[in-house]
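A.B. asks: One predicted model, sequence on top.
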Amino acid sequence: DLSGIWGIRTGALVGCCSEKVINSEQVEMVKKSDFLNESNICIEDRTATCGVKMAGSIVVDIDDSGHYVIPEDATLIAADVMFPKRSVIDVRCSNESFFRARSFRSYNGCSLFLNGEGHFDKEEFTCLRRNHVELGLQNEEYVKVGDIIYSKDMTELLHCDYASTGNCETAGKVIIPDTVKTIEESAFENCSKVTEIVIPDSVTEIGRYAFRFCDGVEKMTLGKHIKYLGYECFEYMSSLTELDIPGSVTCVEPICSSCKSLEHIKINEGTQSVHFSRPWSQIRPNILEIPSTIKAFNKRSLIGIQTVVLHTNEIPKDLLAAMHDYEAPAANGKYKYSYSYEETTINEVLCIKTPRRRIYIPAEATDRNFDIMNDLLNRYGAYAPANFFQYCRTTRQKLPLAFMEWQDVHETQTQNYIKRNRKRLIQGLIEENMEDGLVMALKDGIFQANEIKDYYSMIEEADMQIAKAYALNMTGENSKKNVFRL
């Protein structure tokens with residue numbers, strides 16, 4: 001007689017002999033082994049009709065048929081009763097009984113027919129993700145439209161359905177109805193066949209992990225009135241390349257870790273703060289576009305972002321400190337920087353784009369030098385000196401960074417450094433086949449006319465026709481053909 005018993009500890013029934021179990025309706029925690037392996041309690045075998053075995057009103061075991069009926073008189077499924085993948089489960093007991101102690105159990109790739117009566121919380125759908133779910137006709141709280149389950153009034157999206165094969169039934173483009181206000185936790189988790197999602201302006205909240213592992217989604221449109229994005233709601237969306245976050249989201253926290261194809265995130269005017277920090281090895285977008293409404297950042301809150309785009313020349317306080325990982329292993333100057341902006345901002349250099357200029361920061365600078373550069377940006381914004389090349393760890397990094405800085409702002413200190421190393425500059429630009437950069441250096445006074453003759457043979461051997469034409473023009477050997485080229 002289990003009257004008044006809430007839970008049965010492992011080993012509590014060892015040596016117990018009984019021909020019958022009664023009054024088990026209040027039990028909420030027990031393992032099947034407590035009845036099957038450690039006692040001589042008589043178990044009712046209903047495998048012929050239901051595929052289950054019962055101890056009183058508790059389901060304590062199942063057969064291997066793959067088809068099960070949870071009978072109406074069941075009040076609990078023992079914690080370690082695990083249904084095989086692709087099982088078909090006809091639930092006829094009350095919803096309260098079926099979901100009782102569900103935290104000890106998971107279903108995966110099953111077909112569940114919830115034919116029982118009574119209330120169950122919407123949070124229960126989180127334990128049913130990766131399952132096919134059908135609702136009984138008597139269900140008064142939820143409704144299924146196509147492959148998606150909503151609250152009865154269609155304001156909450158709760159569950160995207162799965163087939164009995166374990167694959168998501170919903171495929172292609174999904175347009176969420178404009179009655180929906182909330183997309184609940186894990187609602188679309190693992191829906192790998194979806195390729196595009198359109199979220200209407202009516203949605204104000206997206207729960208955590210809502211679109212996690214939706215690795216087929218290439219495009220996502222977010223509504224303009226979303227106020228809350230749950231923790232890692234877009235995690236592991238490996239095909240997504242761009243994300244446009246509305247300014248109605250006041251605070252953007254970690255939402256898209258391990259989105260390996262994500263290149264660009266735009267956050268619109270209105271957002272007040274951003275915090276993306278995760279372990280330094282995580283994959284993050286290359287470019288983050290932030291609004292003027294963000295005035296400051298916390299340290300390490302943008303780790304892994306290579307390029308930040310601003311729409312004003314006012315730089316938020318501690319932006320550079322947010323981009324730098326002060327806890328990462330010390331750099332060793334391993335990178336030989338490229339002269340190309342596109343190449344060097346992949347790994348080697350951090351970049352802050354403002355309307356006035358691009359600000360380049362050597363990613364391998366020491367923590368102390370990062371603090372110095374961060375302080376300069378806090379004080380002067382986009383008008384900080386364009387000479388951050390001096391904070392590079394090695395000389396082979398300084399010249400490429402100095403040249404990139406000089407192309408945006410002709411800072412005297414930077415230009416003098418380039419002039420002292422102009423032969424190495426020509427060699428580097430020729431090695432990387434950067435004729436446009438070499439032409440700029442020839443046009444803008446890096447070289448004197450009498451010096452060009454010393455370097456002309458290098459340019460001629462590289463077969464850079466435009467650079468060659470400018471070099472000839474500077475030396476005075478300007479034929480009609482050369483004038484035509486220019």
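C.D. replies: Yep, it's here.

A.B. asks: mind checking how far T155 is from F120?
C.D. replies: Per C-beta to C-beta, to the nearest Å, T155 is found 18 Å from F120. Any C-beta I mention is one placed from the backbone N, CA and C, and that applies to glycine too.

A.B. asks: out of those two, which sits in the busier spot?
C.D. replies: Taking neighbours as other C-beta atoms under 10 Å, T155 and F120 compare with F120 leading, 20 against 14.

A.B. asks: Spit out the contact partners of the more buried one.
C.D. replies: Taking C-beta atoms under 8 Å, 6 or more residues apart in numbering, we find F120 in contact with N95, E96, F98, F99, E141.

A.B. asks: residues near the residue nearest to the third one when sequence neighbours are not counted, how many?
C.D. replies: What that stands for is F98. The shortest distance from F98 to any non-neighbouring residue, by C-beta to C-beta, 6 or more residues apart in numbering, is to V91 (5.0 Å). The tally of other residues near V91 (other C-beta under 10 Å) stands at 23.

A.B. asks: Give me the phi and psi angles of V91.
C.D. replies: Torsion angles at V91 (phi, psi; degrees, to the nearest 10) stand at phi -90, psi 110.

A.B. asks: quick one: low-confidence parts of the stretch 351-486 of the chain?
C.D. replies: 477-486 (pLDDT under 70).

A.B. asks: Now do the strands in it.
C.D. replies: Assigned by DSSP state E, counting those that start in this stretch, the strands in the stretch 351-486 of the chain fall at 358-362.

A.B. asks: Do you have the helices of it handy? List them.
C.D. replies: For the stretch 351-486 of the chain, applying DSSP state H, counting those that start in this stretch gives helices covering 367-380, 395-408, 412-420, 422-431, 435-443, 449-461, 465-475, 480-485.

A.B. asks: Identify whichever of these lies nearest to A12.
C.D. replies: Comparing the helices of the stretch 351-486 of the chain against A12 with C-beta to C-beta, the closest turns out to be helix 367-380 (57.4 Å).

A.B. asks: for that closest one, packing partners?
C.D. replies: Judged by 3 or more C-beta pairs under 8 Å, 6 or more residues apart in numbering; DSSP states H and E, helix 367-380 is in contact with helix 319-323, strand 358-362.

A.B. asks: I'd like the ones you listed as a markdown table, with mean neighbour count and distance to G216 appended.
C.D. replies: A markdown table is the format used below for the helices and strands packed on helix 367-380 (neighbours: other C-beta atoms under 10 Å; distance: least, C-beta to C-beta, whole Å):
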| stretch | mean neighbour count | distance to G216 |
| --- | --- | --- |
| helix 319-323 | 24 | 31 |
| strand 358-362 | 24 | 35 |
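
A.B. asks: Tell me which of those sits nearest to N378.
C.D. replies: helix 319-323 (8.5 Å).

A.B. asks: Give me the helices and strands touching that closest one, please.
C.D. replies: strand 349-353, helix 367-380.

A.B. asks: any idea of the mean pLDDT in it?
C.D. replies: For helix 319-323, mean pLDDT is 94.

A.B. asks: what residue ranges in the stretch 201-350 of the chain score low on pLDDT?
C.D. replies: Scanning the stretch 201-350 of the chain for pLDDT under 70 picks out 277-284, 330-335, 345-347.
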